[in-house]
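Participant: Just a sequence and a predicted model for now, questions to come.
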Amino acid sequence: MALTFQAFLATHARKWLAYAYLHTGSEDAARDVTSAAYGRLSQMWPHALRQASVEAYAWSLLKEQVMEWLYDRRQPIALTGTAAFAVVTHALLRECQQQFAMLESQLGLYAAISRLPERQCDVIVLRHVVGYRDGEIAALLGVDEVTVRSYASRGKRKLAAALGIDQG
């Protein structure tokens, strides 16, 4: 059982740390949050293995840990202030070259992302910032890939509208 837990951590550790950093804005906080999430997951690992999706169950523990950290410190999500602005901008630019060409000058990108509905925000961040593929995101969120693509599409449309970018 310990081997499967270690394999799970090895697979997700870097991306979990990136997600926690995006939300806390601090590398130390991200390490603390992910460490606490790993601890909780370790205690619950036999239970996690009995779930329909281990990834989705573990993801919910990480998100809870991030939200608890933010709540305890009365801090907003740091997405708007993290250095990942350039990563998202370039990822979106690659996907929608001309439509998103003005994003670098639009300081409201992260603010717009953070105002998306939770699942759309998660998909945009997980896909374009953290680097998960759609299949991995689907497993984390406990949905199918079509749903992930739908969230991404709706999220991008809302971002375009919020930033005044013509999708037509």
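Facilitator: Yes, it's here.

Participant: Now do the SS call for Tyr132.
Facilitator: Following DSSP: H, G, I helix; E, B strand; the rest coil, the label given to Tyr132 is coil.

Participant: got the phi/psi numbers for it?
Facilitator: Main-chain torsions, Tyr132, degrees, to the nearest 10: phi -70, psi 150.

Participant: quick one: contacts for the closest residue in space to it that isn't next to it in sequence?
Facilitator: Excluding its sequence neighbours, the residue lying closest to Tyr132 (C-beta to C-beta, 6 or more residues apart in numbering) is Leu126, at 4.5 Å. All C-beta atoms are positioned from the backbone trio N, CA, C, and that covers glycine. By C-beta atoms under 8 Å, 6 or more residues apart in numbering, Leu126 lies in contact with 15, 19, 132, 136-137, 140.

Participant: Can you check the pLDDT for Leu126?
Facilitator: pLDDT, Leu126: 90.

Participant: correct me, but Trp45 touches Gln6?
Facilitator: No. The pair Trp45 / Gln6 is not scored as a contact, 10.4 Å apart, by C-beta atoms under 8 Å.

Participant: Give me the more crowded residue out of those two.
Facilitator: The residue with more neighbours, out of Trp45 and Gln6, is Trp45; 17 against 11, by other C-beta atoms under 10 Å.

Participant: How confident was the prediction at that one?
Facilitator: We have a pLDDT of 95 for Trp45.

Participant: check which helix or strand covers it.
Facilitator: Using DSSP states H and E, the element containing Trp45 is helix 27-49.

Participant: what's that helix in contact with?
Facilitator: 1, 4-5, 8-9, 13, 16-18, 20-21, 24, 54, 57-58, 61-62, 64-66, 69.

Participant: could you point out which element follows it?
Facilitator: For helix 27-49, the succeeding helix or strand toward the C-terminus, using DSSP H and E, is helix 54-72.
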